[in-house]
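K.L.:
Provided below are the primary sequence and the corresponding predicted coordinates.
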Amino acid sequence: MITEPTWAIGQGILRVLSFALLALLGLALSQCVGRAKEIPVDGFEAGLTWEADNPADGAVLTVVQTNMTEGAHALFVTFTNQGKDKVVIHQAANQDLTSISSLVLDAINPQTNGVDVAIALQTGPKWDWFESQPVSLKPGLNKNVHFDLTGKTFKSDRTEVLGAGLEYTDALTNLAQLQRISILIYIGGTDKVSVYLDNVRWEQSDSTATPTTPATNNTGETVEKPATIAPAAAPVEMLVNGNFADGTNHWVLEQTEGATGRMECMPEGPDGKAALRIQVLTIAPKAYHLQLYQTGPHIEKGRIYELTFWAKSDRASGIKVNCMMNHEPWEHHTQELLPLSTEWKELHFRFATPWSDNNVRISFTDLGATVGQTYWLANCSLVPVSEISTSAATAPETAGSAAQGTPFVWKGYYSSEAAFVYSHHQTIPGHYEYLPDPQDPARGIVFVGHLTPDFKTTDPEKFHLHPEIYFDHFIPGNIIVSFDVKVDDLAPAELGPYGTNPWLNVVTLFDETTVAGGTFFHPSVMVNLVGSPGNYRLQAYSMDAHGAGTFYEKIAESPVFPTGKWVKVRVETDVKTNQVHVYQDDALASAGPYLGKPGLAGAHMGLYANRKMTRATVFNSNINIRVGN
């Protein structure tokens, strides 16, 4: 028998000890990084503490020793279709949610189809009910199913009566008094549903800790925490299998209305690694009847995300990408058409949504335009943009300091108040509504602001019948804002530019808002309708930080603005050359110097007028806001 020398054995032991020490140091370091703190709710190690809301629903709850994701037990819930759409299970709770950011759980779906789950929290002395939007569990393991508790994303008694698209717009109240946690499991159209649940826990991010809470040293004495800035954490990848190393898993090729395609993974990526190849076999009336998507990401209202991917096609064309709700009303205000060539190209899509949702889909859509066309995708990634994790701040003062990299894009289609960012108006029948245009119903739902002599307002100077788009931070860069507008029924009919004249504003851009961390609302560009019937024009002006500014000189060949007809308005602001150009249906309408800060904090379009106006009707649709280089 050959034996290893004693010195070699000693070296082996040292290597093992070194690796162990490095592992422990790595663990300690990882715990020092600004990770979210987890507070256990139930790992089902202490037996069954949950029960069904209604025993007649036929739900059977069992603690089992299979399909657990941590520990030795999991909760197995199974129930048959009793004519209801879901079963609700609950556990009594006594938790202060003041510093809690989310509820997280693991789930295993043993079905071959998706199963929807949601949570509900009951708070306060009246046990107020707050229900989240459903999340779809894919077949198999679903780790870290995330329910955000910080946004206005819950259905309550107050919002349930608002109708489709507005139910999930309430925020939790009575955070210090949680009474009960419920989990809702939807049966859909099947006869029986089973789900394994495990590792239910609260998540408390470090940012929620109270800054004045004292720390304790090793002797137990209270010491002051030094003010420190944690290093920026790497962005968290939100897509699963974005590099297609696991084949087509987690990706769905949707084929409807007769559109068909074939997707397969091939070693044809830009780096010679895996790429997804999609071939169009048949098409349908609409190109979006063939689309590729992935569900699962959790999106926060107003936060900026960036989708990055490599793509090409067998012919020069385009590919439309979007982030949309994966449920009714299927809102998709964020989308962009990106160009494709026959060569691999890295593409970027930045967006922010006007809603928070933990059941969205990231889509590559409008693929079904041409029979025989082939698309390739590789290295898909979705991350939150890191700079918005810091507190919001006002704009930098240095002109021309535009953001580098890919642009920020926001789109809205005026389908409801939920289409806007930090806009909280209630509809006012006859004055502030979302309706089809009677003369152009094919446009669908549009915003309608209608001023009449009987309209009452508490503002002594102005009428504000417009939704807002106010971002939670300043976005640096060049600005392009476009939208469709129709103006009608004006009285007085003679409109002046501003001041003591009757005036009507069609768009205002802001370089500072209180929502974005500023001290006040400061407009950087305003575009008004001026003139008389048959001779209306768009006229713009810009304001500096001190409120100084003047209307731009009239352009002799500027187009007449028609009443009673839809037109497209586009405002382009170049913060490097400090110039503003306003276009009406692609014809130059107004131009002049830009005096604001180099970027955008918000905007509004709609009916904005002074009290000298007695009648006006303004329709708006199809907003597109783009900020960047």
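P.N.:
Yep, it's here. Numbering: from 1, shown residues only.
K.L.:
go ahead and confirm Leu377 touches Ala275.
P.N.:
Yes - assessed by Cβ atoms under 8 Å, Leu377 is found in contact with Ala275 at 6.5 Å. Placement of C-beta: from N, CA and C, glycine included.
K.L.:
need the residues touching each of these two.
P.N.:
When contacts are counted by Cβ atoms under 8 Å, 6 or more residues apart in numbering, Leu377 and Ala275 have 244, 310 as shared neighbours.
K.L.:
parallel or antiparallel, list what pairs with the helix or strand containing Arg361.
P.N.:
According to DSSP states H and E, Arg361 maps onto strand 360-365. Paired with strand 360-365 in the same sheet, following DSSP bridges, are strand 290-295 (antiparallel), strand 317-325 (antiparallel).
K.L.:
distance of the residue nearest to Leu239 when sequence neighbours are not counted from Thr173?
P.N.:
Closest residue to Leu239 apart from its sequence neighbours, by Cβ to Cβ, 6 or more residues apart in numbering: Leu382 at 4.8 Å. To Thr173, Leu382 is 32 Å away according to Cβ to Cβ, to the nearest Å.
K.L.:
so for these two, which sits in the more crowded spot?
P.N.:
Neighbour tally, Leu382 and Thr173, criterion other Cβ atoms under 10 Å: the higher count belongs to Leu382, 21 against 13.
K.L.:
what's near enough to touch the more buried one?
P.N.:
Contacts were defined as Cβ under 8 Å, 6+ apart; by that measure Leu382 touches 237-239, 242, 297, 305-308, 362.
K.L.:
I'd guessed Leu172 sits against Thr98; true?
P.N.:
No - contact criterion Cβ under 8 Å: Leu172 and Thr98 do not qualify, at 10.2 Å.
K.L.:
okay, now Lys568: neighbour count?
P.N.:
Neighbours of Lys568 (other Cβ under 10 Å): 15.
K.L.:
quick one: it and Ala603, what's the gap?
P.N.:
16 Å.
K.L.:
next: Gly372.
P.N.:
Here the criterion is Cβ to Cβ. By it, Gly372 lies 42 Å from Ala603.
K.L.:
more crowded one of the two?
P.N.:
Ala603 (26 against 10).
K.L.:
that one against Ile480, yeah?
P.N.:
No - contact criterion Cβ under 8 Å: Ala603 and Ile480 do not qualify, at 11.3 Å.
K.L.:
joint contacts of these two?
P.N.:
With Cβ under 8 Å, 6+ apart as the test, Ala603 and Ile480 both reach Ile625.
K.L.:
about what we covered before: so which of Leu172 and Thr98 has more stuff around it?
P.N.:
Leu172 (20 against 10).
K.L.:
what about Met263, how many neighbours?
P.N.:
18.
K.L.:
bridging across strands, which residues link to it?
P.N.:
Bridge pairing for Met263 - DSSP bridges - gives Ile278.
K.L.:
secondary structure class for the closest residue to Gly43 other than its chain neighbours?
P.N.:
Once flanking residues are discounted, Gly43 sits nearest to Gly71: 4.7 Å by Cβ to Cβ, 6+ apart. Gly71 carries the three-state label coil when classified by DSSP: H, G, I helix; E, B strand; the rest coil.
K.L.:
tell me how far the residue positioned nearest the centre of the chain lies from Arg303.
P.N.:
To find the centre residue of the chain, average its C-alpha atoms and take the closest one (Cα atoms, centre = their mean): that gives Thr353, at 3.1 Å. From Thr353 across to Arg303, the span is 8 Å (Cβ to Cβ).
K.L.:
and Asp366, what is it in contact with?
P.N.:
Asp366 neighbours (Cβ under 8 Å, 6+ apart): 287-288, 291, 318-320, 337.
K.L.:
got the confidence number for Ser401?
P.N.:
Note on Ser401: pLDDT of 31.
K.L.:
err, Leu25, not the other one
P.N.:
On the pLDDT scale, Leu25 is placed at 42.
K.L.:
what do you get for Arg15?
P.N.:
47.
K.L.:
where in the stretch 101-250 of the chain is pLDDT low?
P.N.:
For the stretch 101-250 of the chain, applying pLDDT under 70 flags the ranges 161-165, 205-235.
K.L.:
would you map the strands across it?
P.N.:
For the stretch 101-250 of the chain, the strands defined by DSSP state E, counting those that start in this stretch cover 102-109, 115-123, 128-131, 135-137, 140-148, 154-155, 168-170, 178-186, 192-204, 215-216, 222-223.
K.L.:
what do you get for the stretch 501-629 of the chain?
P.N.:
Using DSSP E, counting those that start in this stretch, strands in the stretch 501-629 of the chain cover 504-512, 522-530, 537-542, 567-574, 579-584, 587-593, 599-610, 615-628.
K.L.:
what angle do the longest one and strand 522-530 make?
P.N.:
Strand 615-628 and strand 522-530 are oriented at 130 degrees to each other (axes from the mean of the first three to the mean of the last three Cα atoms, to 10 degrees).
K.L.:
quick one: strands adjacent to strand 615-628?
P.N.:
Its sheet considered, strand 615-628 pairs with strand 408-412 (antiparallel), strand 440-451 (antiparallel), strand 478-491 (antiparallel) by DSSP bridges.
K.L.:
ok, and which of those has the densest surroundings?
P.N.:
strand 408-412 (a mean of 23; mean count of other Cβ atoms under 10 Å).
K.L.:
what about that one, average pLDDT?
P.N.:
Strand 408-412 comes out with an average pLDDT of 72.
K.L.:
list the contacts of it.
P.N.:
By Cβ under 8 Å, 6+ apart, strand 408-412 touches 304, 333-336, 349-352, 354, 419-421, 469, 475, 477, 622-628.
K.L.:
would you put the C-alpha positions of that strand in PDB?
P.N.:
Coordinates of the C-alpha atoms in strand 408-412 are reproduced here as PDB (Å, rounded to 0.1, in the frame of the first residue of the first chain):
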ATOM      1  CA  PHE A 408     -35.500  56.500 -20.700                       C
ATOM      2  CA  VAL A 409     -38.900  55.800 -22.400                       C
ATOM      3  CA  TRP A 410     -42.400  56.200 -21.000                       C
ATOM      4  CA  LYS A 411     -45.600  55.700 -23.000                       C
ATOM      5  CA  GLY A 412     -49.200  56.200 -22.000                       C
END
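K.L.:
this completes my enquiry, with thanks.
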